[in-house]
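Asks: With the sequence up front, the predicted model follows.
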Amino acid sequence: GNIVSSLAITNIMIESIELDRLRNAEFIQFAKDCSSIVQLNDPVALDVVAKYDAFNIKRGELEVLFKKSTANPITAEIEALDARRDRAVSGIIMNINSFAFHFDVALSAPALVLQNDLKIYTTNIARENYNAETALINNLITDWETKPALTAALTALNLVAWKDELKAANQLFDARYIARTQDLGTASPDNLKLKRNEGNAAFYELRKHIDARNT
């Protein structure tokens, strides 16, 4: 019975998932689900009580800081600005990808130039955490505004307005994010990041021990 339970949990918890790609709210929900699964299968029977308790402590600490962060009045504004820049970066990338298939080489060629530049970064910028997304967009904008070939490609595809919208949205987001950070005290991004890293580590320890028991 214990082996069957352990195997069931292992199959669920060790399914490929990149924790670093989960935003804090997503990670907290994921952690709650994992905790519930282990609880249902009895941490004592699985011989993972110590690791299970350590994981729940770190999850709880992160959740306290996260709730303090989301209670800040600037948070709703930040979320709206993040959604705005997500739409902008996704929209401009979709336009570039679409033009890459255009029958007119005058449009497909500059699109390919922009696609090659995008390969330097990531496949889904809008799914990155707040700080990583801000940095990636800043780097993209710098490329597009300082490298003549990329600037010309944006102009050829009539995407300058998209670039300007992305730049404006990202700058506004960054400014309000910094303003909120100054208000948060213990719920600063650095402390949240620290607790998140501790939560990730605690999850991996729990998963490792469940996997070991299963083996």
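Replies: That came in fine, so what should we check first?
Asks: mind listing what Thr142 touches?
Replies: Under the criterion of CB atoms under 8 Å, 6 or more residues apart in numbering, Thr142 has no neighbours. For glycine as for every other residue, the C-beta is placed from the backbone atoms N, C-alpha and C.
Asks: Which helix or strand contains it?
Replies: Using DSSP states H and E, the element containing Thr142 is helix 130-146.
Asks: what does Arg196 give?
Replies: helix 189-214.
Asks: related to what we said a few turns ago, distance between the helix holding Thr142 and the chain's centre?
Replies: On the basis of CA atoms, centre = their mean, to the nearest Å, helix 130-146 sits 16 Å off its chain's mean C-alpha point.
Asks: any idea of the angle it forms with helix 189-214?
Replies: 120 degrees (axes from the mean of the first three to the mean of the last three CA atoms, to 10 degrees).
Asks: This structure: helices as residue ranges?
Replies: With DSSP state H as the criterion, the chain has helices at 2-13, 24-40, 43-46, 49-71, 74-99, 105-118, 130-146, 148-156, 160-184, 189-214.
Asks: Can you check which of those gets nearest to Asn124?
Replies: helix 74-99 (8.5 Å; CB to CB).
Asks: Packing partners of that closest one?
Replies: Where contact means 3 or more CB pairs under 8 Å, 6 or more residues apart in numbering; DSSP states H and E, helix 74-99 is packed against helix 105-118, helix 130-146, helix 160-184.
Asks: Any chance of CSV for those, columns mean pLDDT and distance to Ala153?
Replies: Below are the helices and strands packed on helix 74-99 laid out as CSV (pLDDT from 0 to 100; distance: least, CB to CB, whole Å):
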stretch, mean pLDDT, distance to Ala153
helix 105-118, 95, 4
helix 130-146, 93, 8
helix 160-184, 89, 10
